[in-house]
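Visitor: Mind folding the following:
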Amino acid sequence: MVAMRLSLVRIFAALQLMRIPLAAGAAVNLMFATLLARFDHSTAALPISTLPLWAALLAAAVIGSGLFGFAAGMNDLLDARRDQTFQRNRPLSTGRLT
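Guide: Numbering: from 1, shown residues only. All right, here's what the predicted structure looks like:
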């Protein structure tokens, strides 16, 4: 029970680190760009136009969320020392993630 609780704490800390609500915005932006690209005749031979629509939108959502999560995580890693002084509620500065 204790091990599962610690695992959940780490998972929620990682999700906080990745700023999931903001990552949804990045995913929607790429999904919109995917829709626009499918209507452009110059992209007719590219995989973005030949994949089924659901697969292209899913790929855009996964890529957008992943890139944003990576960038947010790297930002927090680089700001870890500063966060220990000024923002002690973040996952790295509280020790929920190492």
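Visitor: In this protein, which helix is the longest?
Guide: The longest helix of the chain (DSSP state H) is helix 53-78.
Visitor: Can you work out which other helices and strands pack against that one?
Guide: Identification of packing neighbours for helix 53-78 by 3 or more C-beta pairs under 8 Å, 6 or more residues apart in numbering; DSSP states H and E yields helix 2-18, helix 20-38, helix 91-94. The way it works is simple: take the backbone N, C-alpha and C, and place the C-beta from them, glycine included.
Visitor: Sketch out the low-pLDDT regions of the chain for me.
Guide: 1-3, 5-6, 15-18, 83-98 (pLDDT under 70).
Visitor: picking up where we left off before, can you list the buried residues in the longest helix of the chain?
Guide: The neighbour-count criterion (16 or more other C-beta atoms under 10 Å) identifies 56-57, 59-61, 64-65, 68-69, 72-73, 76 as the buried residues of helix 53-78.
Visitor: Tabulate the helices and strands packed on helix 53-78 in TSV, adding columns for distance to residue 80 and mean neighbour count.
Guide: As requested, the helices and strands packed on helix 53-78 are exported to TSV (distance: least, C-beta to C-beta, whole Å; neighbours: other C-beta atoms under 10 Å):
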stretch	distance to residue 80	mean neighbour count
helix 2-18	11	12
helix 20-38	19	15
helix 91-94	5	18
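Visitor: Kindly reformat those helices as JSON lines containing distance to residue 46.
Guide: Below are the helices and strands packed on helix 53-78 laid out as JSON lines (distance: least, C-beta to C-beta, whole Å):
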{"stretch": "helix 2-18", "distance to residue 46": "29"}
{"stretch": "helix 20-38", "distance to residue 46": "8"}
{"stretch": "helix 91-94", "distance to residue 46": "39"}
